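In: below are the sequence and a predicted model for it; my questions follow.
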Amino acid sequence: MGSSLLRQMLAFVNGSEEETDGADDVPEPTTTILRTCPDCEKTFIVEERDVCPDCDTAMDITPSERDLGFW
């Protein structure tokens with residue numbers, strides 16, 4: 001990994017573009033949603049859950065930074 005980074009930095013400094021094999025690519029983050037239980041007043045980070053794990057109440061989607069216009 002270090003030698004690949006060094007090659008990329010040298011290619012950038014020398015002004016040439018180097019093809020990469022994609023080995024150093026960062027994986028896409030998983031999509032998670034904040035959900036809040038109105039009864040427990042707890043917030044959970046979930047991928048696919050609509051019901052509170054503690055009390056089985058339907059949870060509300062909590063707005064994210066992007067939803068609130070901060071992103």
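Out: Now that the structure is in, tell me what you want to look at.
In: strands along this structure, start to end?
Out: Defined through DSSP state E, the strands belonging to the chain, from first to last, are 33-36, 43-46, 60-61.
In: and the lowest-mean-pLDDT helix or strand in the chain, what's buried?
Out: Counting by mean pLDDT, DSSP states H and E, the chain has its least confident helix or strand at helix 2-14, which shows a mean of 74. For helix 2-14, the neighbour count (16 or more other Cβ atoms under 10 Å) marks no residue as buried. In short, each C-beta sits where N, CA and C put it, glycine included.
In: just stretch 32-48 next, same as before
Out: Applying a neighbour-count criterion of 16+ other Cβ under 10 Å, one finds 35, 37, 44 buried in stretch 32-48.
In: who's the last one bridged to?
Out: When you say that, I think you mean residue 44. Applying DSSP bridges to residue 44 gives these bridge partners: residue 35.
In: I figured it hits residue 53, correct?
Out: Yes - because the distance of 7.3 Å satisfies Cβ atoms under 8 Å, residue 44 is recorded as touching residue 53.
In: pLDDT below threshold where in this protein?
Out: Across the chain, the ranges flagged by pLDDT under 70 are 1-3, 16-25, 27-31, 71.
In: try it again with 50
Out: In the predicted model of the chain, residues 1 satisfy pLDDT under 50.
In: ok, now which residue in it is the farthest from the centroid?
Out: Relative to the centre of the chain, and counting by Cα atoms, centre = their mean, the farthest-placed residue is residue 14 at 33.5 Å.
In: the strands of the chain: which one's closest to residue 7?
Out: strand 43-46 (37.6 Å; Cβ to Cβ).
In: OK, contacts around residue 43?
Out: Residue 43 makes contact with 34, 35, 36, 37, 62 under the criterion Cβ atoms under 8 Å, 6 or more residues apart in numbering.
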